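Trainee: sharing a sequence plus its predicted fold:
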Number of protein chains: 2
Amino acid sequence: MKLTQAQLSRIESGASDVRLATFVELARILDLEPVLVPRSALSGVNAVLRELEAGQDARTVRGAANDLMRIARDLRVRYPNDPLLDRLETLARDLHPLEPLFQSSPAQAELTDIVEDLRERAREPGSDLGGFRRGVDRLASLRNKLVHGQQTGERPAYTLDDED
Amino acid sequence: MKLTQAQLSRIESGASDVRLATFVELARILDLEPVLVPRSALSGVNAVLRELEAGQDARTVRGAANDLMRIARDLRVRYPNDPLLDRLETLARDLHPLEPLFQSSPAQAELTDIVEDLRERAREPGSDLGGFRRGVDRLASLRNKLVHGQQTGERPAYTLDDED
DNA sequence: CATAGCGATACATTTTTCCATATCAAATGG
DNA sequence: CCATTTGATATGGAAAAATGTATCGCTATG
């Protein structure tokens, strides 16, 4: 498939009901992936997409996860076997797949806030583990909230996304 | 558009790269909705889809999660503040969203085995926490394995879902 | 054996797609 | 200021492919 200039022109002017192969190629170029979604899953998928497209900076979550991992690793020196650090690492790892859910929501803000807090507490040597634990708990509950607030819904509709 | 019998025959035999309109119509008939997903959102969307299509014997994982929560709660009576129990609870909670990953894999067996083991150890009063901890570790590593063996890496090639 | 149902195929039609070329706008050079 | 180049978009015509209609062959069933 070549997707020539002429072809594009006709597509843009709506003068052509392209073939599937052409369509897919075009999607690729636009960094989109055509996916067939069962109607029953539509609302869920839409939710994910909505949250994502609102937010610009996806890297923030990844960055936060990395920060948390680093914090945990640093503290290991002092508390080699502390389960609290296990927990923190687990939570940080969990962040990655949940990325889409963080976009554009206040969750993002909360997350960076938590990271800030933990970083702060980790800095002071004899830092009270109680405060640190509270931070980790905050992270955990944020995580749980996101994962669970992922309820289903209803409303099927016709939704071929736009192009151009 | 009519989607005649002849056309369907050709499509099924792969002898035709349909036009977009035909494709959409076919999707409709199959109760599917074509959606263009930004690559960056693909993992999130796939997660939702996986979760949904698991639907059938999801109860097993859920059951395991509940069992684990119960075990943890019971042990609380004796060890009110043990962080190991925190960890177990966290892991149990984590199970839910990972449900789809358990489907049909040996992971399912491993999970029930772990639950069996922990239940056993929790039964005997002065049970050695070492063994119990080992069980929890097993659960954690199973979880991590699943979560990590999950990442796509790159390009889903021509991932239009199947039809027929 | 007749016939009804279903999928595959032939041939005709329609439409996309490709290649070449035209059109147009903005930029560039004398 | 006009001519020419350059780049990007539209269009015409030919080739290729999808779609439609009619038909054929197979299987089941009376």
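Mentor: Here it is on my side, so go on.
Trainee: now A:Val136, what's its secondary structure?
Mentor: helix (DSSP: H, G, I helix; E, B strand; the rest coil).
Trainee: okay, now it: neighbour count?
Mentor: A:Val136 has 24 neighbours, counted by other CB atoms under 10 Å in any protein chain shown. Using the backbone N, CA and C atoms, a C-beta is placed for each residue, glycine as well.
Trainee: how far away is it from B:Glu33?
Mentor: For A:Val136, the distance to B:Glu33 (CB to CB, to the nearest Å) stands at 40 Å.
Trainee: neighbours around A:Arg121, how many?
Mentor: Per other CB under 10 Å, the neighbour tally for A:Arg121 reads 20.
Trainee: buried residues, the helix or strand hosting it. List them.
Mentor: A:Arg121 belongs to helix A:106-123 when elements are defined using DSSP states H and E. Buried residues in helix A:106-123, defined by neighbour count with 16 or more other CB atoms under 10 Å in any protein chain shown: A:107-108, A:110-112, A:114-115, A:117-118, A:121-122.
Trainee: so which residue is dead centre in chain A?
Mentor: A:Glu99 (1.6 Å; CA atoms, centre = their mean).
Trainee: count the residues that sit near the nearest residue to that one once chain neighbours are set aside.
Mentor: Closest residue in space to A:Glu99, ignoring its immediate chain neighbours: A:Val61 at 4.6 Å, by CB to CB, 6 or more residues apart in numbering or on different chains. Neighbourhood size, A:Val61 [other CB under 10 Å]: 22.
Trainee: and for the strand or helix carrying A:Val61, what's in contact with it?
Mentor: According to DSSP H and E, A:Val61 maps onto helix A:59-76. Applying CB atoms under 8 Å, 6 or more residues apart in numbering or on different chains, the contact partners of helix A:59-76 are A:82, A:85, A:88-89, A:91-93, A:95-96, A:98-99, A:102, A:108, A:111-112, A:115, A:118-119, A:122, A:139.
Trainee: secondary structure class for A:Asp17?
Mentor: Put simply, A:Asp17 is coil when judged by three-state DSSP.
Trainee: what's the neighbour count on it?
Mentor: For A:Asp17, the neighbour count with other CB under 10 Å is 16.
Trainee: also A:Leu98?
Mentor: A:Leu98: 21 surrounding residues under other CB under 10 Å.
Trainee: skipping adjacent residues, who's closest to it in space?
Mentor: Distances taken as CB to CB, 6+ apart place A:Leu146 nearest to A:Leu98, at 5.8 Å, with adjacent residues excluded.
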